[in-house]
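> sequence plus predicted model, see below.
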Amino acid sequence: MTTVVSGILMLGILVFIHELGHFVVAKMCGVKVLKFSLGFGPKLLSYRHGETDYLLSAIPLGGYVQMLGEGAGPDGEEAVDTREMERSFATKPVSRRLAIVSAGPLMNLLLPLLILPISFMIGVQMPTYFEQPACVGYIAADSDAAAAGFAAGDCVVAINGRQIPHWNAANKRFVAEAGSPLVFDVERDGRRQQLVVPAENNSLEGMQGLGLLPYLKARIGGLAPDMPAAAAGLAEGDLIRRIGSHPVESWYDLRDVVQQVGGEAVSVEFERDGQLFEVELMPEQREAGGDYLLGVAPLHEMETRRFGLISAIGEGFDKTRELIELTIVFIQKLFTGNVSAKNIGGPITVVQVAGQAAQTDIAAILTVLAFISIQLGILNLLPIPILDGGHILFYLVEIITRRPVSMRAREVAQQVGLALLLMLMVLAFYNDIVRLWG
């Protein structure tokens, strides 16, 4: 429940920023604002200040700003008092109407430039291997990488001709290459060779989605209570060196070694504070036919990177540009069929991601806010009638033709846009439910 509430609050912040853009520019352009609402549907709370009603509505999945004369045109959609005609949205020059409609998405795209530098100054946590060479520690069985012939120890140096200096660069590259075969240049035993992953792959989930995992020490990061490891006195931070006669080189060795030992008592050699110790334990099988377990989880080493003010501003700008580019490329690939529609997430996914971030630290919250804000801004700029992008398209046509788009054309376009939006929402909700219950 805490995750859901936190997620809704974070989504509400982004909706507020979006609608605030419309509101402020409307006021600057001399347009009377009748309502400012967070949420849709029945109002829960209302407050009137000056000429505007401020509402909190029941459905927390959006919001709106209602302006005097909004949508009114030559054919007259609504009656506007002649004394207030000059404050009507419809009577304003097309340049001002364009500015008002564009302000919402623009605020969403500008917000990361403000909050990401703060995140970088506070300190961003990331796995230590992100900035290390993309050398593979383990290949998942039955994965794209296994089928392509990858082996533990391979170091990825290029993907489709683009140099890959570290793991993070490889993950970023996959979005641009979605729908295309992936040609990996890898170094193996001092020699370079090429391995090819077909176009149908799981690269949008990153290197690990392909089955390529980084080297991971067999260092304990967590212990399950009432399990053999905890009962034997192992502790977080201990580095497992050997189980019985089997040396343990990485975390990925543990499962196979433990299954070989089975339910027999075995000695475990581990390192703690630079010294070697040994304990005896007996792996436990919780379910008939299931794996034998020690009750340990790996330690994923993280590092916190902090930046000064000037550097943080630069990093924030670069990260914002990167997120915008990735989002645009993803949408392009989606429309060309190179990315599956299964990757579309809806409000449930957004609330989940935002809520999970809210349980961590302020830097993570700001980073996720920036990411969702960019997606919200770009989504609203799509030239689909009923979205801001559709209205922007109408106003651009008006500027070019020197006359407004006819009422009939707008009505038809908005009906088509509403149908498209509803289909997109149904698909997004369906994907959310499949993820939730799958």
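Done, it's in.

> once you drop chain neighbours, what's closest to the residue nearest to the spatial centre of the chain?
In the chain, the residue lying closest to the centroid (CA atoms, centre = their mean) is residue 371, at 6.0 Å. Spatially, and ignoring its direct neighbours in sequence, residue 371 is nearest to residue 323 (5.8 Å; CB to CB, 6 or more residues apart in numbering). Glycine gets a C-beta too; all of them are placed from N, C-alpha and C.

> quick check: that neighbour touching residue 372?
No: using CB atoms under 8 Å, residue 323 makes no contact with residue 372, being 10.0 Å away.

> returning to that earlier point: give me the three-state assignment for the residue nearest to residue 371.
Secondary structure, DSSP: H, G, I helix; E, B strand; the rest coil: residue 323 is helix.

> list the contacts for it?
Shown in contact with residue 323 (CB atoms under 8 Å, 6 or more residues apart in numbering): 112, 370, 371, 374.

> quickly check those residues for the two that are furthest apart.
112 and 371 (7.9 Å; CB to CB).

> can you give me the end-to-end span of stretch 220-227?
For stretch 220-227, the first-to-last residue distance is 14 Å (CA to CA, to the nearest Å).

> buried residues in it?
220, 223, 227 (16 or more other CB atoms under 10 Å).

> please apply the same query to stretch 259-273.
For stretch 259-273, by 16+ other CB under 10 Å, it's 261, 266, 268, 269, 270.

> swap in stretch 160-179?
Result for stretch 160-179 [16+ other CB under 10 Å]: buried residues 164, 167-171, 173-179.

> same check, this time on stretch 120-139
Using 16+ other CB under 10 Å as the test for burial, stretch 120-139 gives 120, 121, 122, 124, 129, 130, 134, 135, 136, 137, 138, 139.

> quick check: mean pLDDT across it?
Stretch 120-139 shows a mean pLDDT of 89.

> enumerate every residue touching the residue nearest to residue 218 when sequence neighbours are not counted.
The spatially closest residue to residue 218, leaving aside those adjacent along the chain, is residue 240, at 4.2 Å (CB to CB, 6+ apart). The contact partners of residue 240, by CB under 8 Å, 6+ apart, come to 218, 219, 220, 248, 254, 268, 269, 270, 296.

> okay if I get the residues you listed as TSV plus pLDDT?
Shown next, in TSV, are these (pLDDT from 0 to 100):
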residue	pLDDT
218	92
219	94
220	93
248	91
254	90
268	93
269	94
270	93
296	93
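
> which one of these is nearest residue 108?
Nearest to residue 108 among these is residue 219, at 41.0 Å by CB to CB.

> which strand residues bridge that closest one?
Here residue 219 sits in beta bridges with residue 239, as judged by DSSP bridges.

> would you mind giving the domain segments of the protein?
As recorded under automatic domain parsing, the domains making up the chain are 2-122+367-437, 129-214, 220-299.

> measure the shortest one end to end?
So the one you mean is domain 220-299. Length of domain 220-299, first residue to last, CA to CA: 5 Å.

> need phi/psi at the residue nearest to residue 260 when sequence neighbours are not counted.
Spatially, and ignoring its direct neighbours in sequence, residue 260 is nearest to residue 246 (6.9 Å; CB to CB, 6+ apart). Here is the backbone geometry of residue 246 (degrees, to the nearest 10): phi -100, psi 120.

> please name the residues that touch residue 246.
Taking CB under 8 Å, 6+ apart, one finds 253, 257, 260, 261 in contact with residue 246.

> secondary structure, distance to residue 24 and pLDDT for those residues - can I get that in CSV?
CSV is the format used below for the contacts of residue 246 (DSSP: H, G, I helix; E, B strand; the rest coil; distance: CB to CB, whole Å; pLDDT from 0 to 100):
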residue, secondary structure, distance to residue 24, pLDDT
253, helix, 59, 89
257, helix, 63, 91
260, helix, 67, 90
261, helix, 67, 88
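
> just the closest of those to residue 314, please.
Ranked by distance to residue 314 (CB to CB), these are led by residue 253 at 41.7 Å.
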